[in-house]
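Undergrad: return a 3D structure for these sequence lines:
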Amino acid sequence: MTRCQWVDESKPDYVAYHDDEWGVPVYDDQRFFEFIVLESAQAGLNWYTILRRREGYRHAFAQFDPHKVAQFDEAKIDQLVQDPGIIRHRGKIAAAVNNARCFLEIQQEFGSFSRFIWAYVDDVPLVRSEATTVPATTPLSDRIAKDLKKRGFKFIGSTIVYAFMQATGLVNDHDLDCCCRRV
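TA: I've put the predicted structure just below:
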């Protein structure tokens with residue numbers, strides 16, 4: 001089987017992530033929050049580093065329940081900074097707590113985060129139709145990042161937003177010959 005060039009096929013968990021999750025449209029708000037936390041944690045690191053710690057993040061961040069994470073206080077942040085199951089970066093951990101609060105505000109305003117984020121692509125995944133290099137950012141990821149920052153999100157830039165869009169299926173960036181392209 002041909003997969004996207006970035007997949008290290010010697011790592012079964014990486015292959016499973018690519019084959020079963022990456023680029024598959026997400027509509028569940030808790031899954032969206034999971035990817036906001038994970039993609040923000042990835043800043044400056046490679047995805048596999050985060051993927052290997054995903055279970056640690058699930059445990060540390062209350063199974064990515066934004067209602068619970070929004071209640072974390074400084075003592076909980078101090079505790080998480082000591083947790084070897086996650087990236088122990090105070091700024092990223094504090095941003096996840098902050099972002100949970102912002103996430104809940106979007107849910108309240110739009111009825112769901114899913115409704116809010118899918119509106120950016122008119123409820124239809126964008127599909128890369130050329131064999132070009134996958135961009136790190138796009139004008140759309142710039143716009144979404146700017147909007148999220150305006151709404152108070154931290155550790156969210158255009159590159160993180162574009163990776164989030166790819167992971168959650170808002171954009172289909174599978175290589176044209178990839179077995180998972182699904183178009």
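Undergrad: so where do the helices sit in the protein?
TA: Remark: helices assigned in the chain by DSSP state H are 12-20, 29-42, 47-51, 54-60, 66-69, 74-81, 90-110, 113-118, 139-150, 158-167.
Undergrad: using a markdown table, lay out those together with mean pLDDT and distance to residue 181.
TA: C-betas here are computed from N, CA, C, even on glycine. Below are the helices of the chain laid out as a markdown table (pLDDT from 0 to 100; distance: least, CB to CB, whole Å):
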| stretch | mean pLDDT | distance to residue 181 |
| --- | --- | --- |
| helix 12-20 | 96 | 12 |
| helix 29-42 | 97 | 20 |
| helix 47-51 | 95 | 19 |
| helix 54-60 | 98 | 24 |
| helix 66-69 | 98 | 31 |
| helix 74-81 | 98 | 38 |
| helix 90-110 | 98 | 30 |
| helix 113-118 | 98 | 20 |
| helix 139-150 | 98 | 20 |
| helix 158-167 | 97 | 13 |
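Undergrad: quick check, central residue of this protein?
TA: Taking CA atoms, centre = their mean, the centroid of the chain lies closest to residue 35, which sits 2.8 Å from it.
Undergrad: with residue 101 as the reference, measure out to it.
TA: Look at residue 35 and residue 101: by CB to CB, to the nearest Å, they are 17 Å apart.
Undergrad: same deal with residue 53?
TA: Separation of residue 53 from residue 101 (CB to CB): 23 Å.
Undergrad: quick one, which of the two is more surrounded?
TA: residue 53 (19 against 15; other CB atoms under 10 Å).
Undergrad: skipping adjacent residues, who's closest to that one in space?
TA: Using CB to CB, 6 or more residues apart in numbering and skipping residues adjacent in sequence, the residue nearest residue 53 is residue 86, 5.6 Å away.
Undergrad: one more: residue 76?
TA: Of all residues not flanking residue 76 in the chain, residue 97 sits nearest, at 7.8 Å (CB to CB, 6+ apart).
Undergrad: go on, residue 134?
TA: For residue 134, the closest residue by CB to CB, 6+ apart turns out to be residue 173, at 5.1 Å.
Undergrad: which residues are in contact with the one you found?
TA: Contacts for residue 173 (CB atoms under 8 Å, 6 or more residues apart in numbering) come out as 4, 23, 128, 134, 166.
Undergrad: how many neighbours does the residue nearest to residue 76 have?
TA: The number of residues packed near residue 97 is 21, by other CB under 10 Å.
Undergrad: filter the contacts of residue 173 down to the buried ones, ChimeraX style.
TA: Listed next is the ChimeraX selection for buried residues among these, using 16 or more other CB atoms under 10 Å:
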select :4,23,128,166
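Undergrad: of the contacts of residue 173, which is the nearest to residue 142?
TA: If you rank the contacts of residue 173 by distance to residue 142 using CB to CB, residue 166 comes first, at 15.1 Å.
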